[in-house]
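[1] need a 3D model of the sequence below.
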Amino acid sequence: MERPHFDTPLLLQAPTQTVDAGGGVAVTWETLGSVWADISPVSAREIVSGLREGARISHRITVRSAAIGSPRRPRPEQRLRAGERIFAIRAVVPSGSQGRYLTCWAEEGPFS
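    Residues are numbered from 1 along each chain as shown. This is a model prediction of the structure:
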């Protein structure tokens, strides 16, 4: 594995569910911290969500590893954010020599 270039700052966010006044559930995103990442697009596809057309882009996002259980270790139900860009984490696997890095397989695009 080539050494990653950690040149993109991202916010690591986790979903928080709260019951709203109507008895429904509202999801908000709590920022757990920031990480520096190496982002590489992998694939793209066109999608239609409702009446909107768009694209969903898959990315390989590499970050420095954190201990299992650490709030700084990304998990699949979380997301990474760079301004208005949102990357939904689908899978996380250790990579690099001795697991020094984590590879997050993520999708960017409209989510329903």
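
[2] the helix or strand bottoming out on mean pLDDT in the chain pairs with which strands, and in what direction?
    Ranking every helix and strand in the chain by mean pLDDT, DSSP states H and E puts strand 52-64 at the bottom, with a mean of 85. Next to strand 52-64 in the sheet, as set by DSSP bridges, lie strand 25-49 (antiparallel), strand 101-108 (antiparallel).

[3] and that strand, what's buried?
    By neighbour count on 16 or more other C-beta atoms under 10 Å, the buried set for strand 52-64 is 56-59, 61-63. The C-beta positions use only the backbone N, C-alpha and C, and glycine is treated the same way.

[4] ok, of those residues, which one's closest to R45?
    Of all the buried residues of strand 52-64, R45 sits closest to R56, with 5.7 Å by C-beta to C-beta.

[5] nearest spatial neighbour of the closest one, chain-adjacent residues omitted?
    Leaving aside its chain neighbours, R56 sits nearest to G109 (3.5 Å; criterion: C-beta to C-beta, 6 or more residues apart in numbering).

[6] residues near the one you found, how many?
    By other C-beta atoms under 10 Å, the residues close to G109 number 18.

[7] what residues of stretch 35-42 count as buried?
    35, 37-39.

[8] wait, stretch 96-110
    Residues 96, 101-109 are the ones in stretch 96-110 that count as buried (16+ other C-beta under 10 Å).

[9] show me the shaky parts of this structure.
    Applying pLDDT under 70 to the chain picks out residues 1, 47, 49-50, 54, 110-112.

[10] and the buried residues of stretch 35-42 as a markdown table, adding distance to G22?
    Shown next, in a markdown table, are these (distance: C-beta to C-beta, whole Å):
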| residue | distance to G22 |
| --- | --- |
| V35 | 36 |
| A37 | 38 |
| D38 | 42 |
| I39 | 38 |
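
[11] who does T28 bridge with?
    Beta bridges link T28 to T16 when assigned by DSSP bridges.

[12] thought it was touching T18?
    Yes: look at T28 against T18 with C-beta atoms under 8 Å: they come within range, at 6.9 Å.

[13] which SSE is immediately downstream of the least confident helix or strand of the chain?
    Next in sequence after strand 52-64, counting helices and strands by DSSP states H and E, comes strand 79-82.
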